[in-house]
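A.B. asks: 3D, please:
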Amino acid sequence: MIDILPAPDNVAAYRLSGRITGEEYDHVVADLEERLETHDKLGVYVDLMGFDDMTVEAAFKDLRYGLAKLGDLKRFPREAVVTDKQWVKALVRFADPLIPHVEVRTFAPDRREEAMAWAAQAR
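C.D. replies: Numbers count the residues shown, from 1 in each chain. Purely as a prediction, here's the structure:
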């Protein structure tokens with residue numbers, strides 16, 4: 001399940017829980033595209049505390065959307081990931097230096113407000 005969370009207008013904020021389907025992922029893409037119509041840059045906030053995995057369809061949609069946005073990475077300068085999962089933290093540490101124009105940080109669950117504020121500073 002993916003919930004769109006209340007956030008500052010320039011932040012796309014989501015909570016992922018359980019197993020994510022392709023249909024749920026489509027809602028995230030629609031939300032992102034709508035926000036990109038009114039903002040040059042967006043911060044991204046993702047709470048992965050309840051996330052387990054995603055279907056193959058959702059994974060392919062994520063890959064396809066990510067590849068389509070390669071030229072627009074400057075529009076997503078900050079991505080805050082709330083997690084206590086070590087594998088997510090390791091993935092972020094590995095991927096962060098490989099993604100040009102985007103800074104990705106993990107935050108502990110008790111630092112959600114700090115994570116949101118940091119994402120909102122996307123300029």
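
A.B. asks: who does the biggest strand by length in the chain pair up with?
C.D. replies: Looking across the chain with DSSP state E, the single longest strand is strand 43-54. Using DSSP bridges, strand 43-54 pairs in its sheet with strand 11-20 (parallel), strand 78-82 (parallel).

A.B. asks: which strands and helices sit next to the following helix or strand past the shortest one?
C.D. replies: Which is strand 78-82. Using DSSP states H and E, the next helix or strand after strand 78-82 towards the C-terminus is helix 86-95. Contacts defined by 3 or more C-beta pairs under 8 Å, 6 or more residues apart in numbering; DSSP states H and E place helix 86-95 against strand 103-107. (C-beta placed from N, C-alpha, C; glycine too.)

A.B. asks: for Ala120, see how far away Gly22 is.
C.D. replies: 29 Å (C-beta to C-beta, to the nearest Å).

A.B. asks: so which of the strands paired with strand 43-54 is nearest Val56?
C.D. replies: Of all the strands paired with strand 43-54, strand 11-20 sits nearest to Val56, with 11.1 Å by C-beta to C-beta.
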